[in-house]
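how would this look folded up:
(one chain, ligands or ions: 3)
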Amino acid sequence: MKPIQVGLLGIGTVGSGTFNVLKRNQEEITRRAGRSIQITMVADLDVERARAAVGEGVQVVNDARAVIANPEIDIVVELIGGYGIAKALVLEAIAAGKHVVTANKALLAVHGTEIFAAAQAKGVMVAFEAAVAGGIPIIKALREGLTANRIQWVAGIINGTTNFILSEMRDKGLDFEVVLKEAQRLGYAEADPTFDIEGVDAAHKATIMSAIAYGIPVQFDKAYVEGITKLGAADIKYAEQLGYRIKLLGITKRVEGGVELRVHPTLVPAKRLIANVEGAMNAVVVQGDAVGTTLYYGKGAGSEPTASAVIADLVDITRLHTADPLNRVPHLAFQPSELSDLPVLPMSEVVTSYYLRLRVADKAGVLAQVTGILAGLGISIDAVLQREADEVAGEGAAQTDLIILTHDTREGTMNDALAQMQALPTVLAPIARIRKEELA
Ligand SMILES: NC(=O)c1ccc[n+]([C@@H]2O[C@H](COP(=O)([O-])OP(=O)(O)OC[C@H]3O[C@@H](n4cnc5c(N)ncnc54)[C@H](O)[C@@H]3O)[C@@H](O)[C@H]2O)c1
Ligand SMILES: N[C@@H](CCO)C(=O)O
Ligand code: NA
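Ligands and ions are numbered 1, 2, ... in the order given. Here you go, the predicted structure:
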C-alpha cells in the first residue's frame, strides 16, 4: 500500500524529534499502523535549518501553505505553536480535507470549539495527544480507557518548565532565572516563557482535560490562572516542615452545580506520589467513580517525548485508512500479519543483577572462597556487606551473614555460581538469591 504522506509545519524542537523518531522506528511503526508513514514535505521559515534536519529526499519549503496545497499530503502536522498563523493554517488544512495533528495546546484551549467544528463538518480528524502532558498518553486514557467512569476530578503537574524550576530551586538552591534559562536550553519552555511561569500553559492543558473529562466545550477564558512567580522560597521551606510539597497543579473538578478549572501553586502532602514528581516530569491523577484514583507519569516536554505522542496520533489516523476495520485497533497492537517470531528467552538467558545472602561460618578465608567462585565465573561484584557476628540474632559468634550485590549477570551463570557456593562446607544454610532491577 502507498505510504501515508505527512507534511510538517514547523521543524523546531518537537518537529525534529518527530522526524527523527519516525525515521528511527520506521519499521516497527509500520507494523503497528499497517502502512508506512513518511514525512515527505516540511515547511519552516528557517529553510536552511530545516534542510539540515531532514537531509535529502524530503521537500523543504518556507511556505506552510505549499504543504497544505499539496494533494499528495494526507496528514498535516502543525508544530509552529501559538494562536496566530497556526490557527489559520490548521483551519486551512482542515478545509483542504487533511487530517491534522497538533501539539498546540494554546490553540486548542482557546480556539478548539471552532477548530473541532470545522473538522467535524469536513470529516477529518484533529488529534492532539502531544498537547497535554507531552509523551504521557493522557488524552487516550481519558477519552478511551476511562469511558466507564463519571470522572470526579483531574489534577496534574502539567508544565515541565515550572516543575523543573521548583525542583532545582529546592534541591540545588539555584536562582529562578538560572533555572528558567536551563529549561529553555533543554527545549521545555514555550516560545514565550511567561506562558510557563505564569501558569497559562498549564491552564491551556487543564482546559483541554476538563473538556474531555466532562464533555464540555474548551473554555480557557473561564480558567483561574496563577503561576509560580510570586511563590516565596520561605513558603516552600515552611510547607516542607509541615509535611507538604508545593507543586503548580492544573485542577479540574466536577462539583455540585458545575466544574472547577484552576491552576495555582498547591500544597500537596509529601507522601503522595505526585508530590515526588521532580524535574521536567509530568504526572496526572484522575479520579473516576468506578476506577478510583489512577496516576499517569512521564516526560511532559522535550523533543522526542513529545514526538512520541505526535507519532501515536499519526498511527491512529493511519490505522483508519487500513482496509479491514477490525485492524484499526489490532488485537495485539501490531497488524496480525506483522507479528514477529522474536523468541521469549529461557530464564537461564535472562540478565539481571542480584542480591545474595549467605549464612557462613565466621572464620578467615570464607569471603575469599565465595568471591573466588564469583570471579571464576566472571561475575562482577557491586557491593559486599558483612554483618557483625553479634548482629545475627541468636546464632552466637560462629556464624555471620554475607550480603553480596552483583552487577548484571546471566541467570545460567549465577545458577552455576550458586551451586558451587552452596557446596562449600563454610556455607551453612540455603543461599538467598533475589534478583535486582534498577528500572531507570
Ligand atoms: N517543546 C516542547 O517540549 C513541547 C511539548 C509539547 C507541546 N509543544 C508545542 O509544540 C509546538 C512546537 O513547539 P516547539 O518547542 O517545537 O517550538 P520551536 O520554536 O522549537 O519550533 C517551532 C518551529 O516553527 C517554525 N515556524 C515559525 N513560524 C512558522 C511559519 N509561519 N511557517 C513555518 N514554520 C514556522 C520555527 O522556525 C521553528 O522551527 C508548540 O505549540 C508547543 O507549545 C512543545
Ligand atoms: N512548555 C511546556 C512544554 C510542554 O507542553 C512545558 O514546560 O511543559
Ligand atoms: Na499526552
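
Residue 29 contacts residue 316, correct?
No - using C-beta atoms under 8 Å, residue 29 makes no contact with residue 316, being 11.8 Å away. (Each C-beta comes from the backbone N, C-alpha and C, glycine too.)

buried ones in the one helix or strand residue 246 maps to?
In the assignment (DSSP states H and E), residue 246 maps to strand 244-255. For strand 244-255, a neighbour-count test (16 or more other C-beta atoms under 10 Å) marks 244-254 as buried.

neighbouring contacts of stretch 80-96?
9-10, 64-65, 68-69, 76, 78, 100, 102-104, 106-107, 110-111, 114-115, 118-119, 122, 124, 126, 190-191 (C-beta atoms under 8 Å, 6 or more residues apart in numbering).

swap the cut-off to 6 Å and go again
9-10, 64, 68, 76, 78, 100, 104, 106-107, 110-111, 115, 118-119, 122, 124, 191 (C-beta atoms under 6 Å, 6 or more residues apart in numbering).

Distance check, residue 184 against ligand 3.
21 Å (C-beta to the ion, to the nearest Å).

does that residue count as helix, strand or coil?
helix (DSSP: H, G, I helix; E, B strand; the rest coil).

Now it: closest residue in space that isn't a chain neighbour?
Distances taken as C-beta to C-beta, 6 or more residues apart in numbering put residue 193 closest to residue 184, at 6.3 Å, once the chain neighbours are dropped.

Now do the same contact list for residue 265.
The contact partners of residue 265, by C-beta under 6 Å, 6+ apart, come to 228, 231, 246, 248.

go again using 7 Å as the cut-off
226, 228, 231, 246, 248 (C-beta atoms under 7 Å, 6 or more residues apart in numbering).

which two of these lie the greatest distance from each other?
Spatial extent of the contacts of residue 265 (C-beta to C-beta) is set by the pair 226 and 246 at 12.2 Å.

how about the strands of the stretch 201-350 of the chain, start to end?
224-225, 244-255, 258-269, 281-288, 292-299 (DSSP state E, counting those that start in this stretch).

Low-confidence ranges, the stretch 301-440 of the chain, go.
Applying pLDDT under 70 to the stretch 301-440 of the chain flags the ranges 323, 388-397.

Contact partners for residue 405?
353, 355, 382-383, 436.

From the contacts of stretch 80-96, which land in helices?
Residues from the contacts of stretch 80-96 lying in helices, with DSSP state H as the criterion: 64, 68, 106-107, 110-111, 115, 118-119, 122.

Just send the residues you listed back as CSV, with distance to residue 308 too.
Shown next, in CSV, are these (distance: C-beta to C-beta, whole Å):
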residue, distance to residue 308
64, 24
68, 25
106, 20
107, 20
110, 25
111, 25
115, 23
118, 27
119, 23
122, 27
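
can you narrow those to ones near ligand 1?
residue 64 (C-beta under 6 Å from any ligand atom).

quick one on the thing from earlier: let me have the strands of the stretch 201-350 of the chain in TSV, extended by distance to ligand 2.
Listed next are the strands of the stretch 201-350 of the chain as TSV, based on distance: least, C-beta to the nearest ligand atom, whole Å:
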stretch	distance to ligand 2
strand 224-225	15
strand 244-255	10
strand 258-269	12
strand 281-288	7
strand 292-299	9
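
Please produce JSON lines containing these, extended by mean pLDDT and distance to ligand 1.
JSON lines is the format used below for the strands of the stretch 201-350 of the chain (pLDDT from 0 to 100; distance: least, C-beta to the nearest ligand atom, whole Å):
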{"stretch": "strand 224-225", "mean pLDDT": "98", "distance to ligand 1": "16"}
{"stretch": "strand 244-255", "mean pLDDT": "97", "distance to ligand 1": "14"}
{"stretch": "strand 258-269", "mean pLDDT": "98", "distance to ligand 1": "16"}
{"stretch": "strand 281-288", "mean pLDDT": "98", "distance to ligand 1": "10"}
{"stretch": "strand 292-299", "mean pLDDT": "98", "distance to ligand 1": "9"}
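
Touching, residue 106 and residue 204? I think so.
Yes - contact criterion C-beta atoms under 7 Å: residue 106 and residue 204 qualify, at 5.2 Å.

Looking at the two, which one has more neighbours?
Using other C-beta atoms under 10 Å, the more surrounded residue of residue 106 and residue 204 is residue 204, with 30 against 24.

how about that one, what does it touch?
Residue 204 touches 105-106, 109, 220, counting by C-beta under 7 Å, 6+ apart.

Quick check: phi and psi at the closest residue to residue 69 other than its chain neighbours.
In this structure, residue 69 finds its nearest non-sequential neighbour in residue 96, 7.1 Å apart by C-beta to C-beta, 6+ apart. Dihedral angles of residue 96 (phi, psi; degrees, to the nearest 10) stand at phi -80, psi 0.

hang on, the earlier thing: closest to ligand 3 out of the contacts of residue 405?
residue 436 (31.7 Å; C-beta to the ion).

wouldn't the closest one be in contact with residue 353 here?
Yes - using C-beta under 7 Å, residue 436 makes contact with residue 353 at a distance of 4.5 Å.

Could you check which of these two is surrounded by more residues?
A direct count of neighbours by other C-beta under 10 Å for residue 436 and residue 353 places residue 353 higher, at 17 against 14.

Which of the three states applies to the more buried one?
Following three-state DSSP, we place residue 353 in the strand state.

do you know how far it is from residue 106?
Using C-beta to C-beta, to the nearest Å, one gets 45 Å for the distance from residue 353 to residue 106.

Could you do residue 151 as well?
Using C-beta to C-beta, residue 151 is found at 24 Å from residue 106.

and what of residue 379?
Counting by C-beta to C-beta, the gap from residue 379 to residue 106 is 54 Å.
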